[in-house]
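A.B. asks: Pasted the sequence and its predicted model underneath.
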Amino acid sequence: LHNSKLDAIPIVGSTGFLASFWDGYRFFANGPDLIQAGYTQYPNGIFRVARFSRWFVVVSRPEFVKEVGGAPEHVLSFHEGIEDSLPVKQVVGRPIVENPYHHHTIRTNLTRNLHARFPDVRDEIACAFEEILQLHESEWKSLPALKTIMAVVARVSNRLFVGLPLCRNQTYLWNNVQFALDVIRSAHIVALFPKFFAPVSALISRTTTVARLMIACNRLVGPFISSKDKSFAVALQTLGPLVAERLAKEDELGPDWPAKPNDLISWLLEDAQGEERTVPALVLRILSTNFAAIHTSSMTFTHALFDLTTYPEHLLPMREEAEHVVANEGWTKAALNSMVKIDSFLRESQRLNGIGSVAMIRKVVSKDGFRFSDGTVLPKGSFVCAAARAIHYDASNYKNPAEFDGFRFARERAEHAATHDLTQDVFKRQMISTAGDFLPFGTGKHACPVFTCS
Ligand code: HEM
């Protein structure tokens, strides 16, 4: 009955009840191809694909993407949307979804302090590369790219989050990396089982073979899900004493004690209320922030590194640009804004690689549903997302879309500067600028707060 309210939206794949379950499995194995097929087949900009236990409405026209991005949380929920692909309540903890106050902390205090903390971040980048890549040795050697970059990113992020010396503690760092991997693995396993699996297995348990199979599966699933408890225990052991010390200092000296470190622990303490002001609660927030930061940044950097080795003609112009800017402005966060070619290269690498084939998953939570500007209505409970990858590869959005053109955005910015009043849209085509046709950071109200200006 619920699904019938989506009848007006065309389907990619089968329409039959059982056949659409099969499509749910196909999506699991072959999601990007199904999304691309829908994108090509339905130029009106909206279609749906089957998941195990629900439809997934996909929008592809940039104006619809903007409508999704601009909708308030009480209409299209970001937090409930994440639950579709990552059951955060189950595998991380309910408070993270029900009171995501740390997103506000990141959006305000963390981003405001990036300028002030830039020297520390730069120092950690230099030290981390030196130590992890053993740069003093002159011989070439092979290293696994993503794992090595993760080690650098985890360390640099934690210089900002918890400072020295903990940001160099291997047990603490690898636990943060492992936590995210465990959470994603648990999420994949949970996603294999339709939502109704648990209650159904309870109902028919003890009597049938199916039930015994289900119980066996639950036993298989269990250890993966509980591995986050192990990560949490290590985080409590390594980070807990520092957080306890900071809570004690605040109790003793008040919120603005002299020499209070300018880091994530202090920023969280400014926003945390009631039961969130405990060691375990704060440790879980820092673990979750690491989760948001490490894998996204590591994958983005690794993709850029692979693109640099694939298209090495970009290397020298970027090096020259960096040397020129640093000679004139020094190493500051503001100086990074003058590195237009590097910025363009990173944006192009993100456009072609992205983080996934869809972005901005939202759940309709308003009882009146959600209405698009063309009149299409999604009922309460529907899930919607944007066809990010297909949008990035569409010739009507980008000239020669499949071609890696590292300096395309630098050229566009130069052309724009020559013909427009720059004060109007100074950020246009910069890496931090999101749009309906550029979605590596999402767009709109929930766009990644660390990098973006929508
Ligand atoms: C290159 C690195 C990164 C990429 C590609 C990235 C990407 C994203 C994306 C796609 C979203 C969801 C947007 C949406 O659904 O509309 C997001 C949200 C978010 N990101 Fe990032 N991210 C990155 C780095 C970081 C870092 C370093 C942090 C934390 C220090 C962070 C914290 C967050 C938070 C808190 C949100 C949720 C915002 C909200 O609730 O409104 N991200 N990010």
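C.D. replies: Happy to help now that I have it.
A.B. asks: How about stretch 273-293 and the ligand, any contact?
C.D. replies: Yes. Stretch 273-293 reaches the ligand (Cβ under 6 Å from any ligand atom) through 289, 292-293. Heads up, the C-betas are built off the backbone N, CA and C, glycines and all.
A.B. asks: Reformat the residues you listed as TSV; add pLDDT and distance to Val384.
C.D. replies: Below are those laid out as TSV (pLDDT from 0 to 100; distance: Cβ to Cβ, whole Å):
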residue	pLDDT	distance to Val384
Thr289	96	26
Ala292	91	22
Ala293	95	26
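A.B. asks: which one of those residues is nearest Asp123?
C.D. replies: Set against Asp123, the nearest of the residues of stretch 273-293 next to the ligand by Cβ to Cβ is Ala293 (18.2 Å).
A.B. asks: ok, the closest one - contacts?
C.D. replies: Counting by Cβ atoms under 8 Å, 6 or more residues apart in numbering, Ala293 touches 153, 157, 450.
A.B. asks: Between the residues you listed, identify the one with the most neighbours.
C.D. replies: Val153 (26 neighbours; other Cβ atoms under 10 Å).
A.B. asks: doesn't Ser298 make contact with that one?
C.D. replies: Yes. The pair Val153 / Ser298 is scored as a contact, 4.6 Å apart, by Cβ atoms under 8 Å.
A.B. asks: any idea how far Phe306 lies from the ligand?
C.D. replies: 15 Å (Cβ to the nearest ligand atom, to the nearest Å).
A.B. asks: Where does that residue fall, secondary structure wise?
C.D. replies: helix 279-310 (DSSP states H and E).
A.B. asks: The helix or strand just after that helix - contacts with which helices or strands?
C.D. replies: Using DSSP H and E, the next helix or strand after helix 279-310 towards the C-terminus is helix 315-329. In terms of contacts (3 or more Cβ pairs under 8 Å, 6 or more residues apart in numbering; DSSP states H and E), helix 315-329 is packed against helix 333-336, helix 340-353.
A.B. asks: could you point out where this structure is predicted with low confidence?
C.D. replies: Applying pLDDT under 70 to the chain flags the ranges 1-3, 189-228, 420-427, 452-454.
A.B. asks: what's the closest of the helices and strands packed on helix 315-329 to Leu18?
C.D. replies: Taking the helices and strands packed on helix 315-329 one by one with Cβ to Cβ, helix 340-353 is closest: 35.9 Å.
A.B. asks: what packs against the next helix or strand after that closest one?
C.D. replies: With elements assigned by DSSP H and E, the helix or strand that comes after helix 340-353 is strand 359-364. Identification of packing neighbours for strand 359-364 by 3+ Cβ pairs under 8 Å, 6+ apart yields helix 62-70, strand 76-77, helix 78-85, strand 383-386.
A.B. asks: and the last one, which strands flank it?
C.D. replies: Going back to what we said before, that points to strand 383-386. strand 55-59 (parallel), strand 359-364 (antiparallel) (DSSP bridges).
A.B. asks: In space, what's closest to Leu305 - neighbours in sequence excluded?
C.D. replies: Nearest in space to Leu305, with sequence neighbours left out and distances taken as Cβ to Cβ, 6 or more residues apart in numbering, is Ala145 at 6.1 Å.
A.B. asks: isn't that neighbour right next to Leu308, touching?
C.D. replies: No. Counting by Cβ under 8 Å, Ala145 does not reach Leu308; the two are 11.1 Å apart.
A.B. asks: for the ligand, what are the nearby residues on the stretch 51-200 of the chain?
C.D. replies: Residues of the stretch 51-200 of the chain lying near the ligand by Cβ under 6 Å from any ligand atom: 78, 103, 106.
A.B. asks: Could you export those residues to a markdown table, including columns for neighbour count?
C.D. replies: Output for these, formatted as a markdown table (neighbours: other Cβ atoms under 10 Å):
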| residue | neighbour count |
| --- | --- |
| Phe78 | 19 |
| His103 | 17 |
| Ile106 | 22 |
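A.B. asks: Just the element for the residue of the stretch 51-200 of the chain found nearest the ligand, please.
C.D. replies: Of all residues in the stretch 51-200 of the chain, the one sitting closest to the ligand is His103 (3.8 Å; Cβ to the nearest ligand atom). According to DSSP H and E, His103 maps onto helix 101-105.
A.B. asks: Leu236 too?
C.D. replies: Short version, using DSSP H and E: Leu236 is in helix 209-253.
A.B. asks: and after that helix, which helix or strand comes next?
C.D. replies: helix 264-271.
A.B. asks: Okay, buried residues for that next one please.
C.D. replies: By 16 or more other Cβ atoms under 10 Å, the buried positions in helix 264-271 come out as 264-269, 271.
A.B. asks: Go ahead and name everything in contact with it.
C.D. replies: Applying Cβ under 8 Å, 6+ apart, the set of residues contacting helix 264-271 is 101-102, 104-105, 109-110, 113, 160-162, 242-243, 246-247, 250, 255, 260, 277, 282, 285-286, 289.
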